[in-house]
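Q: output the structure for:
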Amino acid sequence: MALHAIRFRPGVNREQTQYTAETVGTNSSGFNAPNFSVVAGWYASQNVRFRQGFPEKIGGWVPVSTYTYTGVCRSLFNWFSLSGVGLIGVGTNTNFYVSQSGIYHDITPIRGVATLTNPFTATAGSATIVVSATSHGAITGDSVTFTGATGLGGNITAAVLNQKYVITVINANSYSFTATATANTTDASGSPGGGTVTATYQISVGPALQVPLTGWGAGYWGQSTWGNGGSTTVPIRLWSQANFGQDLIFCPTNGGIYYWAYDSTFSSVGVNITTLSGASDCPTVASFIFVSDASRFVFAFGCNPLTGGGQNPMQVRWSDQESVTMWTPSATNQAGGIILSRGSKIVSCVQNRQEIVVFTDTSVYSFQYIGTPGVWGSNIVGDNISILSKNCAILAANTTYWMGWDKFYFYNGTVYTLTCDLREYIFSNINLAQSDQFFAGTNEGFNEIWWFYCSANSTVVDSYVIYNYTDGIWYYGQMGRTAWIDTTALTYPVAATYDNTLVYHENGLNDNTTGTAYPIDSYIQSAEFDIGDGDRFSFVHRVLPDITFRASTASKPQVNMTLIPMQNSGSGYNNPQSTGTNTNAATVTRSSTTPIEQFTGQVFVRVRGRQLIFQVEGNQLGLQWQLGTPRLDIKPDGQRGNT
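A: Below is the predicted model:
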């Protein structure tokens, strides 16, 4: 028997069949060749990346703090105050927060204030309080803060009423909330009551998921036959945000533009820029906002025009240089605007070197600062493209990358299709009806771009695909995240989870989302590869694993290394011994008694087949592993299988 090294190509490739992904090394001339090696591809992965071409488990994650926020986070942005205080803007579908040291301060803007007279009605034995509020304009899930209320005489005291509550709408003139105490008969007999109450309403919440609409008025003009209507979706609540010095400008999708002046006590909230001193022709609605690095202009994309008309999804406007409030163009300032011509709506933008890359749903524009009189010049640099969502475009290594409806693209002065070894796998198992949720993030420490998306049967983000732009390789897995930010100002990349927490990624080795450590399941599986040319059976007697557990914190780190034999490609797993099992697996462990790099030097197995699948899987607290070049002890074993 002879040892044969398995050479695995870096990256995961599913553009071919699992058998086609294998090739045989050029040194192969038969089993007796001393330099025989198998060149195989990788076909499946989970929580694995490649370092210098070799697969390893990704790092773990820990919570930024024990505090949580309300809603599903869709936007993260990091900046600093003038005194060096680190801040993170956190936009959810229900609220907007500024986080400092892991504490979430609610700065959600106010949409209105109302004075109510004896609005509260209680029922004995229930914590539900009904509020009478004529034409309140709220929707279920909105937040309202009551002040100035007097108690109802029993358990429902003034302290219970004078709080912020999430409401459930009953009708246009009333809503309810669940109080922090249960009413008794005294409260019931004392209602309606509460005296003169001030109700302060935050801006309304937005959808956490895209909501399908069908019928008359849904969809675009001419989408369906007369009388049948069409279909479309209500977009989810997304936020755009950017700092203006130490202050923050932020905007919900198709909403107003808000400004938060840095306040170290976090006692103030965001205010509409139209209410600021000196405001002149500010946009009242926008799809999203952006602040340029060049000369600091505030951009409003998909906004209302300067004069007349409602929101135009192709309208771009910018403020005067170094101004948040001056939007009236004149000979003495640089405010202006333009309506783009290619596409039906503006989707996203990315700052790239000396330009702003702007995406419509069909084209790519380059905006460059040219000074007066034009101020910002725009040129079409790509046409007949697609982009899935506002957050699907990202800048990495001075190149802009984005995810389209059926492929990936990149722009470095020219728009190209990005070759993807997982394209068919991803786009054949994807829920495009929830594309607003999809987003991209960089992990610069590992030269990676992560795209998160919903798989075909999921309405929440549950999958990711990674592109290593240095090595030009892809890998993928399953993970639920809702937003991501990677910046050198933070020690680690930060991601938002469905547990309403922020977590530091690449920190530790375990899943610490909830503060309790759980192991991270990591595995990688090869394509089928022949032993020889697949014309005969082979017998594998032992494996030299070549795996390192460097950086593990477990006292005895281990992975399962599995060889899956096949009688023929596509025939299923071979079972020559008829033992009732389809695989032959062995555990690879660190051993202090084995003088081979302190790791298991060899594993004895009994595997027979024409093709093999090689798999490594780890699921242990404190585990870190990296695979090298394993070797198989193989000999030919005839051309026919056992009967």
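
Q: quick check: the gap between residue 184 and residue 146.
A: For residue 184, the distance to residue 146 (C-beta to C-beta, to the nearest Å) stands at 20 Å. (Each C-beta comes from the backbone N, C-alpha and C, glycine too.)

Q: make sure residue 238 is actually in contact with residue 348.
A: No: the pair residue 238 / residue 348 is not scored as a contact, 10.3 Å apart, by C-beta atoms under 8 Å.

Q: overlap in contacts of the two?
A: Among the neighbours of residue 238, those also in contact with residue 348 (C-beta atoms under 8 Å, 6 or more residues apart in numbering) are 288, 389, 390, 391.

Q: farthest pair within the residues you listed?
A: Farthest-apart pair in the shared contacts of residue 238 and residue 348 is 288 and 389; separation 11.2 Å (C-beta to C-beta).

Q: what residues are shared contacts of these two?
A: When contacts are counted by C-beta under 8 Å, 6+ apart, residue 288 and residue 389 have 238, 348 as shared neighbours.

Q: which of those two has more neighbours?
A: Comparing residue 288 with residue 389 by neighbour count (other C-beta atoms under 10 Å), the higher total belongs to residue 288, at 28 against 21.

Q: now do the contacts for the more buried one.
A: 238, 240, 251, 253, 301, 302, 348, 349, 390.

Q: tell me the pLDDT of it.
A: On the pLDDT scale, residue 288 is placed at 98.

Q: for it, give its distance to residue 316.
A: With C-beta to C-beta as the criterion, residue 288 and residue 316 are 11 Å apart.

Q: hmm, back to that, relative to residue 99, which of the contacts of residue 288 is nearest.
A: residue 240 (17.4 Å).

Q: who is the closest one paired with across the strands?
A: Residue 240 forms beta bridges with residue 251, as assigned by DSSP bridges.

Q: number of residues surrounding residue 553?
A: Residue 553, neighbours per other C-beta under 10 Å, totals 13.

Q: got a list of what the residue nearest to it when sequence neighbours are not counted touches?
A: Spatially, and ignoring its direct neighbours in sequence, residue 553 is nearest to residue 622 (3.7 Å; C-beta to C-beta, 6 or more residues apart in numbering). Residue 622 is in contact with 509, 510, 552, 553, 554, 557, counting by C-beta under 8 Å, 6+ apart.

Q: rebuild those residues as CSV, extending it with secondary structure.
A: Formatted as CSV, those follow (DSSP: H, G, I helix; E, B strand; the rest coil):
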residue, secondary structure
509, coil
510, coil
552, coil
553, coil
554, coil
557, coil
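
Q: could you pick out the buried ones from these?
A: Those of the contacts of residue 622 that meet the buried threshold are 509, 510, 552, 554, 557, by 16 or more other C-beta atoms under 10 Å.

Q: how about low-confidence regions in the stretch 1-150 of the chain?
A: Applying pLDDT under 70 to the stretch 1-150 of the chain flags the ranges 1, 20-38.

Q: and the helices in it?
A: Counting by DSSP state H, counting those that start in this stretch, one finds no helices in the stretch 1-150 of the chain.

Q: how about the strands of it, start to end?
A: Counting by DSSP state E, counting those that start in this stretch, the stretch 1-150 of the chain has strands at residues 2-12, 23-24, 37-46, 48-51, 54-57, 61-63, 73-80, 86-92, 96-100, 103-106, 110-117, 120-122, 128-132, 143-147.

Q: who does the first one pair up with?
A: Its sheet considered, strand 2-12 pairs with strand 37-46 (parallel), strand 631-636 (antiparallel) by DSSP bridges.

Q: picking that back up, would JSON lines of the shared contacts of residue 238 and residue 348 with secondary structure be doable?
A: Listed next are these as JSON lines, based on three-state DSSP:
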{"residue": "288", "secondary structure": "strand"}
{"residue": "389", "secondary structure": "coil"}
{"residue": "390", "secondary structure": "helix"}
{"residue": "391", "secondary structure": "helix"}
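
Q: dump those to JSON lines, plus distance to residue 86.
A: Formatted as JSON lines, these follow (distance: C-beta to C-beta, whole Å):
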{"residue": "288", "distance to residue 86": "24"}
{"residue": "389", "distance to residue 86": "28"}
{"residue": "390", "distance to residue 86": "25"}
{"residue": "391", "distance to residue 86": "22"}
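
Q: among those, which one lies nearest to residue 60?
A: residue 391 (24.3 Å).

Q: list the contacts of the closest one.
A: Applying C-beta under 8 Å, 6+ apart to residue 391 gives the contacts 74, 75, 238, 348, 438, 439, 440, 483.

Q: among the contacts of residue 288, name the buried ones.
A: Among those, the ones that count as buried by 16+ other C-beta under 10 Å are 238, 240, 251, 253, 301, 302, 348, 349, 390.

Q: list just the nearest of those residues to residue 204.
A: residue 253 (12.5 Å).

Q: and the closest one, how far from residue 64?
A: The spacing between residue 253 and residue 64, counted by C-beta to C-beta, is 25 Å.

Q: returning to that earlier point: out of the strands paired with strand 2-12, which is closest to residue 418?
A: Closest to residue 418 of those, according to C-beta to C-beta: strand 37-46, at 18.9 Å.

Q: so how far is that closest one off the chain centroid?
A: Strand 37-46 sits 27 Å away from the centroid of its parent chain (C-alpha atoms, centre = their mean, to the nearest Å).

Q: tell me the domain boundaries of this protein?
A: 2-47+521-636, 110-202 (automatic domain parsing).

Q: show me where the stretch 451-600 of the chain dips below the pLDDT cut-off.
A: Those would be 531-534, 569-599, if you go by pLDDT under 70 across the stretch 451-600 of the chain.

Q: quick one, strands of it?
A: Under DSSP E, counting those that start in this stretch, the stretch 451-600 of the chain gives strands at 463-468, 473-478, 483-485, 494-496, 502-505, 522-526, 529-530, 538-544, 547-548, 558-566, 584-589.
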